[in-house]
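>>> heads up, no residue letters with this:
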């Protein structure tokens, strides 16, 4: 049996550019890992293709999947459902391939509970690395503006704490490079490789 | 105050090529991390330079350092002492720079106890990844030879369990590349970066 694949979760605050980074990762690149396409009940936008951008399903179909415990994670935004079908993820992992998810922070926390040994990457806005400047602004802001920025920064940092890695999205190419590095290194982590070595010995011990 | 640097420990079984890999890492390369030179009581070999290859000291000086709690780790092989002076490591880490150690497995375990948040890399022989073949050999070996190989393999795997990463030394260039990746990725780990973000906020909160 193949060694089970690794689950890689890319997430981060809304508007940080998760989708752009994820698309860049799979564009013109043969990857060792497979992108797990999300399922949604919203209407396709012009140019979006079923089975490529999303699996577009009806609300009834989505609710049926939830009822069948068929979703690894899901959420409702406004009037629509978004989520990750469990079956495809498990089949791919079982076949020994890594699976790459790009999902919202709430979904990522659901996955964390179910798959604690996944690799959780938090994409941060570039200005999170210069928080102080951003919060203080140009010195001309009123206290209310500063408080608002402060709260947003604290929220983002609190979210980050639940993840394994923080990747700054300063440029898409840099972010992609960092994520590639993380995936390669994670494959060298002892808890991920030791069972292969032990298995090899097990084979000879019998 | 600068964020404290990261301690990187390269170790592995005797004869695996730690020294060769370490030298390749620092050859013709400007690194963000600093190599911590070991201290030894053995005589310099032809071509070895004090303060470059080792700090060559007398047994009395070495024992004095041990007595002063001045060694991060040390060991005695045959009639000589080998070890890492603590002062230089601490000064460098405090200045915000990473420190790179290349040491024997016993020393690495001493460092693990004192610096649990270091990055511990176990260099494995390439044939550890084809254990089964190696142990069985060509089918012409007697049981004693197979048992011996088996014991050695088990020992190596047991050592590996104490480390964070396992890097196969198939070629020096590959091993160096993997170690570089690990170091870059470790710098993105949330427990290592979160305090910087929190500090930035702390500055504005006062």
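Right, received. Where do you want to start? The structure displayed is predicted, hence computed values, not measured ones. Numbering: from 1, shown residues only, chains lettered A, B, ... in the order given.

>>> give me phi/psi at residue A:76?
Backbone dihedrals for residue A:76, given as degrees, to the nearest 10, come out at phi -110, psi 130.

>>> again with the one 4 residues further on
Recorded main-chain torsions at residue A:80 are phi -120, psi 150, according to degrees, to the nearest 10.

>>> neighbours around it, how many?
Neighbouring residues of residue A:80 were enumerated by other CB atoms under 10 Å in any protein chain shown; the total is 13. For the C-beta atoms, the positions are set from N, CA and C on the backbone; glycine is no exception.

>>> Pull the contacting residues for it.
By CB atoms under 8 Å, 6 or more residues apart in numbering or on different chains, residue A:80 lies in contact with A:40, A:41, A:42.

>>> Helices of chain A, start to end?
A:18-26, A:59-67, A:86-94, A:105-114, A:131-136, A:143-160, A:172-186, A:190-205 (DSSP state H).

>>> buried sites along the fifth one?
So the one you mean is helix A:131-136. Applying a neighbour-count criterion of 16 or more other CB atoms under 10 Å in any protein chain shown, one finds A:131, A:134, A:135 buried in helix A:131-136.

>>> residue ranges with poor pLDDT in chain A?
A:1-2, A:138, A:140, A:202-206 (pLDDT under 70).

>>> Show me which residues of it are close to chain B?
Of all the residues in chain A, those in contact range of chain B (CB under 8 Å from any CB of the partner chain) are A:122, A:128-129, A:131-132, A:135-136, A:146, A:150, A:153-154, A:157, A:160-161, A:163-167, A:178, A:181-182, A:184-186, A:188-190, A:193-194, A:197-198, A:200-201, A:203-205.

>>> Pull out the buried members of those residues.
Using 16+ other CB under 10 Å as the burial test, the residues of chain A next to chain B include A:122, A:128-129, A:131, A:135, A:150, A:153-154, A:157, A:160, A:163-167, A:178, A:181-182, A:184-186, A:188-190, A:193-194, A:197, A:200 as buried.

>>> got CSV for the contacts of residue A:80, with neighbour count too?
What follows is the contacts of residue A:80, written out as CSV (neighbours: other CB atoms under 10 Å in any protein chain shown):
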residue, neighbour count
A:40, 20
A:41, 19
A:42, 14
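
>>> Tell me the one among those nearest to residue B:141.
Checking the contacts of residue A:80 against residue B:141 by CB to CB gives residue A:40 as the nearest, at 59.3 Å.

>>> sorry, back to before: please tabulate the helices of chain A in TSV, including the columns distance to residue B:56.
Rendered in TSV, the data for those read as follows (distance: least, CB to CB, whole Å):
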stretch	distance to residue B:56
helix A:18-26	50
helix A:59-67	69
helix A:86-94	53
helix A:105-114	51
helix A:131-136	47
helix A:143-160	47
helix A:172-186	36
helix A:190-205	34
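
>>> Can you get me the start-to-end distance on stretch A:40-55?
This stretch, stretch A:40-55, spans 6 Å end to end (CA to CA, to the nearest Å).

>>> The spatially closest residue to residue A:114 that is not a sequence neighbour - how many residues pack around it?
Among residues not flanking residue A:114 along the chain, residue A:72 sits closest, at 6.5 Å (CB to CB, 6 or more residues apart in numbering or on different chains). Neighbours of residue A:72 under the rule other CB under 10 Å: 23.
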